[in-house]
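Engineer: Sequence and predicted structure below; questions after.
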Amino acid sequence: MNPNFTNYLLKITSSTECREVEVIQSLWSGYGSISRYQLDNASFPTVVVKQISLNTSGEHPRGWNTEFSHNRKVQSYKVETHWYEQWGQLCTDDCKIPKLIGSFTEGTHQWIVLEDLNLHFPLRKEQLHLTEVKACLTWLASFHMTFLNHKPVGLWEVGTYWHLQTRPDEFNTMEHQELKSKAHIIDTSLNECTYQTIVHGDAKLANFCFSEDGREVAAVDFQYVGGGCGIKDVAYFLGSCLSSSECEVYEKELLDFYFSALKHAFDTSTSSIDFKALESEWRKLYPIACTDFTRFLLGWMPSHQKINTYSLNIMNSVLSSL
């Protein structure tokens with residue numbers, strides 16, 4: 001363990017000793033790890049530390065280890081640190097995230113010290129019941145309403161990791177010519193919609209932590225948080241936790257639920273927007289958002305399981321309408 005970081009961690013937690021007790025996961029492409037640290041004589045027993053090495057990595061599992069992709073990842077960690085330092089405190093219990101305890105930088109190494117969510121949100125899930133899907137949609141609705149019309153200062157101007165401007169390598173590789181020719185129209189329609197918020201940017205199932213009863217969630221991983229249309233998070237999330245057939249069966253019910261939760265968050269906010277106009281716009285953009293993500297997958301990994309009957313049917317419908 002880096003002795004300077006150890007001293008920093010002891011100082012900010014007022015603990016007498018700390019030790020790494022668990023590596024929770026490695027970061028994508030070999031950029032570091034997320035670990036749990038045990039603290040002695042502190043006001044909380046554990047913290048989670050995201051340790052980041054910003055040296056060039058050559059370990060991308062799909063081979064996308066270009067200088068461009070490296071610079072994007074470096075920027076993503078800067079954005080995440082800024083998010084926790086300047087934005088995270090705006091999140092309420094309805095869109096719970098881990099509290100920032102501190103951040104430390106030394107050369108090309110960086111540490112983000114966060115609240116350990118395991119105390120109240122100990123479960124991670126690979127498959128969801130419908131009630132648990134709705135719990136995540138409620139979180140997204142609260143998050144999107146909380147940050148409606150906020151300018152993404154210090155964040156990605158356009159959030160999501162698959163944003164067209166940040167994925168030129170994958171775009172150039174994509175073989176679907178009609179989608180390639182219309183990709184910028186799709187991108188523009190999302191980026192220039194009237195109602196903008198802050199999007200999580202990577203709202204997949206793996207980034208949600210669940211309470212014991214599965215009715216409440218918290219979210220982690222804010223590397224690609226930024227401006228955009230909230231329905232992008234919804235489209236991506238549903239694709240991350242539902243099969244093709246489940247998407248077809250439950251699409252209407254789950255979109256209706258999301259907008260109901262969004263309306264509830266709106267009713268308890270001070271926003272003066274035209275909610276019906278927002279809902280109408282975002283509903284129309286749902287298939288556009290699905291197609292935008294399919295565009296990324298077709299360039300990044302054409303054999304990916306998320307390229308399925310449901311997503312391809314939506315894509316073909318969108319392309320025929322443009």
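Structural biologist: Structure's in. What do you need?
Engineer: Can you name the residues that contact the spatially most central residue of the chain?
Structural biologist: Nearest to the mean C-alpha position of the chain, by Cα atoms, centre = their mean, lies Asp202 at 2.4 Å. Going by Cβ atoms under 8 Å, 6 or more residues apart in numbering, Asp202 touches Thr160, Tyr161, Asp221, Gln223, Tyr224, Tyr236. Any C-beta I mention is one placed from the backbone N, CA and C, and that applies to glycine too.
Engineer: Make a PyMOL selection of the buried ones in those.
Structural biologist: Restricted to buried positions by 16 or more other Cβ atoms under 10 Å, the PyMOL selection for the contacts of Asp202 reads:
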select buried, resi 160+161+221+223+224+236
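Engineer: got the buried residues for stretch 252-267?
Structural biologist: So for stretch 252-267, counting by 16+ other Cβ under 10 Å, buried means Leu254, Leu255, Phe257, Tyr258, Phe259, Ala261, Leu262, Lys263, Ala265, Phe266.
Engineer: Can you name the next helix or strand after the top helix by length along the chain?
Structural biologist: In the chain, assigned by DSSP state H, the helix with the most residues is helix 275-300. Sequence-wise, the next helix or strand beyond helix 275-300 is helix 309-321, with elements assigned using DSSP states H and E.
Engineer: Report the angle between that following helix and helix 275-300.
Structural biologist: Computed by axes from the mean of the first three to the mean of the last three Cα atoms, to 10 degrees, the angle separating helix 309-321 from helix 275-300 equals 110 degrees.
Engineer: got the buried residues for helix 309-321?
Structural biologist: So for helix 309-321, counting by 16+ other Cβ under 10 Å, buried means Tyr310, Ser311, Ile314, Met315, Val318, Leu319.
Engineer: C-alpha coordinates for it, CSV please?
Structural biologist: Provided in CSV are the C-alpha atoms of helix 309-321 (Å, rounded to 0.1, in the frame of the first residue of the first chain):
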residue,chain,number,x,y,z
THR,A,309,-34.3,-9.5,-32.1
TYR,A,310,-35.7,-6.7,-29.9
SER,A,311,-32.9,-4.2,-30.4
LEU,A,312,-32.6,-5.0,-34.2
ASN,A,313,-36.3,-4.6,-34.7
ILE,A,314,-36.2,-1.2,-33.0
MET,A,315,-33.1,-0.2,-35.0
ASN,A,316,-34.8,-1.2,-38.3
SER,A,317,-37.9,0.7,-37.4
VAL,A,318,-35.9,3.8,-36.6
LEU,A,319,-33.8,3.7,-39.7
SER,A,320,-36.9,3.3,-41.9
SER,A,321,-38.4,6.4,-40.3
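Engineer: circling back: show me what the longest helix of the chain packs onto, helices and strands only.
Structural biologist: Helices and strands touching helix 275-300, as assessed by 3 or more Cβ pairs under 8 Å, 6 or more residues apart in numbering; DSSP states H and E, comprise helix 168-173, helix 177-191, helix 231-241, helix 244-267, helix 309-321.
Engineer: Quick check: phi and psi at Ser69.
Structural biologist: Dihedral pair for Ser69: phi -70, psi -40, per degrees, to the nearest 10.
Engineer: And Glu22, by the same measure?
Structural biologist: Dihedral angles of Glu22 (phi, psi; degrees, to the nearest 10) stand at phi -160, psi 130.
Engineer: What score does the residue lying closest to it once chain neighbours are set aside have for pLDDT?
Structural biologist: Leaving aside its chain neighbours, Glu22 sits nearest to Arg36 (4.3 Å; criterion: Cβ to Cβ, 6 or more residues apart in numbering). Among the per-residue scores, Arg36 holds a pLDDT of 97.
Engineer: Residues contacting the helix or strand encompassing Arg36, please?
Structural biologist: Taking DSSP H and E as the definition, one finds Arg36 inside strand 32-40. The contact list for strand 32-40 (Cβ under 8 Å, 6+ apart) reads 9, 13, 15-27, 45-53, 116, 118.
Engineer: if you set the cut-off to 7 Å instead, what comes out?
Structural biologist: 9, 13, 15-27, 45-53, 116 (Cβ atoms under 7 Å, 6 or more residues apart in numbering).
Engineer: What does the pLDDT read for the residue nearest to Arg124 when sequence neighbours are not counted?
Structural biologist: Excluding its sequence neighbours, the residue lying closest to Arg124 (Cβ to Cβ, 6+ apart) is Cys209, at 6.4 Å. You'll see Cys209 listed with a pLDDT of 98.
Engineer: Next: Ser15.
Structural biologist: As predicted, Ser15 sits at a pLDDT of 96.
Engineer: go on, Glu59?
Structural biologist: According to the prediction, Glu59 has pLDDT 53.
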